[in-house]
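K.L.:
Pasted the sequence and its predicted model underneath.
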Amino acid sequence: MMQEQESIKSDEDAATDYEHEKEELRMWLTVVPDEEETVDPEILSAKLVMKRFEDNTPEGYNLLLWGDLKVMFEPNAEDEIWSNQQDWTLISWKLNENCGVHTLLMDGTLTCFNMLVEKRYPLIKKMLEKMLNWKLEAKAENIMAFELLKFIKSQLED
């Protein structure tokens, strides 16, 4: 009986801790309701790659698309794309829950980075701070948004 009460108290403490953590993470989240269709990122990427690059090497616009897909699915800190992050001016950070992608839009050349929530990207601390200061835009409070914010916060603390 005593162990059961301790287990219930432990569960209640965990729930309280989780609610406290969510409350803290809410300061970096802006809820922007929107209606969109659900998209599976794996199916989308497979279709895009197969359609665009069936029998030729990427050039022109296709090369840009190929580069975007490579940055999204195979991030590499050595790639030149990540070298000038300190100069990036963030104008938007949005979460697309239906496909597990968060998007950074930069001012200037209107560069857009689509990043899978489940992957780690070589973002510098200054960029991570900009992201949290800008606040993540999401359609609703949800586990994915809170986990992404928690991950970004943990990267800043490392």
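P.N.:
Received it, and whenever you're ready, just let me know what you need. These figures come from a predicted structure and were not determined experimentally.
K.L.:
what helix or strand is the residue nearest the centre of the chain on?
P.N.:
Centroid-nearest residue in the chain: His102, 3.5 Å away (criterion: C-alpha atoms, centre = their mean). Assigned by DSSP states H and E, His102 falls within strand 101-106.
K.L.:
next one: Asp13
P.N.:
Counting by DSSP H and E, Asp13 is found in helix 2-25.
K.L.:
For Ser92, what is the enclosing helix or strand?
P.N.:
Judged by DSSP H and E, Ser92 forms part of strand 90-96.
K.L.:
Show the secondary-structure elements that that strand is packed against.
P.N.:
Helices and strands touching strand 90-96, as assessed by 3 or more C-beta pairs under 8 Å, 6 or more residues apart in numbering; DSSP states H and E, comprise strand 101-106, helix 125-134, strand 136-138, helix 143-157. To be clear about C-beta, it is placed using only N, CA and C from the backbone, and glycine gets the same treatment.
K.L.:
Format these as TSV; extra columns: distance to Ile91.
P.N.:
Output for these, formatted as TSV (distance: least, C-beta to C-beta, whole Å):
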stretch	distance to Ile91
strand 101-106	5
helix 125-134	8
strand 136-138	11
helix 143-157	18
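K.L.:
quick one: which of these is nearest Leu25?
P.N.:
Between Leu25 and the helices and strands packed on strand 90-96, the tightest spacing by C-beta to C-beta is seen for helix 143-157, at 4.5 Å.
K.L.:
What count of nearby residues applies to Glu97?
P.N.:
18 (other C-beta atoms under 10 Å).
K.L.:
measure it to Val117 for me?
P.N.:
For Glu97, the distance to Val117 equals 9 Å [C-beta to C-beta, to the nearest Å].
K.L.:
what touches both of these two?
P.N.:
Common neighbours of Glu97 and Val117 (criterion: C-beta atoms under 8 Å, 6 or more residues apart in numbering): Met144.
K.L.:
what's downstream of the helix holding Asp13, the next helix or strand?
P.N.:
In N-to-C order, the element after helix 2-25 by DSSP H and E is strand 29-31.
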